[in-house]
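Engineer: model this:
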Amino acid sequence: MQYQRVLADEAAMVAFGAELAQVSDGQGVIFLEGDLGMGKTTLCRGVLQGFGHKGAVKSPTYTLVEPYELKDKQVYHFDLYRLSDPEELEYLGIRDYFDNQALCLIEWPDKGAGILPQPDLTLSITVEGRGRRIQWQSGTQFGQQLADKLLEKR
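Structural biologist: Prediction:
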């Protein structure tokens, strides 16, 4: 089944992120794919706002991970763009971040190939006119539930 949606602007991307927060309930591993400037961090901002975060959301390009504790939710926002070798993630203690009680949003997951766990959901963002096309596919049974719930939100 093809899962996709066209998002007209930044506000629509933020709203989609809030929907993702709702359907995930703060759990899972989500890969975010797309070229520079596609809106990956904007989508993460929407997820965090969906959990009630009021502050700024910046891409953790230099720190690799930015943790957020939101009420009873733990969200980790990764940006692996500057990672030169996936093995660097081992020094970061990457495995400690992936438990069933956290949501991990990972930008540039290809940079962590072989180290990162299988994603529950992979979101791919491309240009569509003046907006963005977001496509998603599941990688696990839990991810299939998320994918279906997002489709229902249309």
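Engineer: going by C-alpha atoms from here, please, whenever you check contacts or count neighbours.
Structural biologist: Noted.
Engineer: hey, C-alpha coordinates of the helix or strand bottoming out on mean pLDDT in the chain in CSV?
Structural biologist: The helix or strand of the chain with the poorest confidence is helix 88-92; it has a mean of 87 (mean pLDDT, DSSP states H and E). Provided in CSV are the C-alpha atoms of helix 88-92 (Å, rounded to 0.1, in the frame of the first residue of the first chain):
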residue,chain,number,x,y,z
GLU,A,88,31.1,6.8,16.1
LEU,A,89,27.6,6.0,17.3
GLU,A,90,29.0,3.3,19.6
TYR,A,91,31.0,6.0,21.4
LEU,A,92,27.8,8.0,21.8
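Engineer: how far does that helix sit from its chain's centre?
Structural biologist: Taking Cα atoms, centre = their mean, to the nearest Å, one finds helix 88-92 lying 20 Å from the centre of the chain it belongs to.
Engineer: for it, buried residues please.
Structural biologist: Leu89 (16 or more other Cα atoms under 10 Å).
Engineer: pull the residues that contact that helix.
Structural biologist: Gly112, Ile115 (Cα atoms under 8 Å, 6 or more residues apart in numbering).
Engineer: neighbours around the residue lying closest to Ala21 once chain neighbours are set aside, how many?
Structural biologist: Leaving aside its sequence neighbours, Ala21 sits nearest to Val47 (Cα to Cα, 6 or more residues apart in numbering; 4.9 Å). Residues contacting Val47 under the criterion other Cα atoms under 10 Å number 27.
Engineer: helix, strand, or coil at Val47?
Structural biologist: helix (DSSP: H, G, I helix; E, B strand; the rest coil).
Engineer: quick one: contacts for it?
Structural biologist: With Cα under 8 Å, 6+ apart, Val47 has these contacts: Val14, Phe16, Gly17, Ala18, Glu19, Leu20, Ala21.
Engineer: circling back to that earlier point, who does the next helix or strand after the least confident helix or strand of the chain touch, helix- and strand-wise?
Structural biologist: Next helix or strand after helix 88-92 toward the C-terminus (DSSP states H and E): strand 102-107. The contact analysis (3 or more Cα pairs under 8 Å, 6 or more residues apart in numbering; DSSP states H and E) places strand 102-107 against strand 28-33, helix 40-50, strand 73-79.
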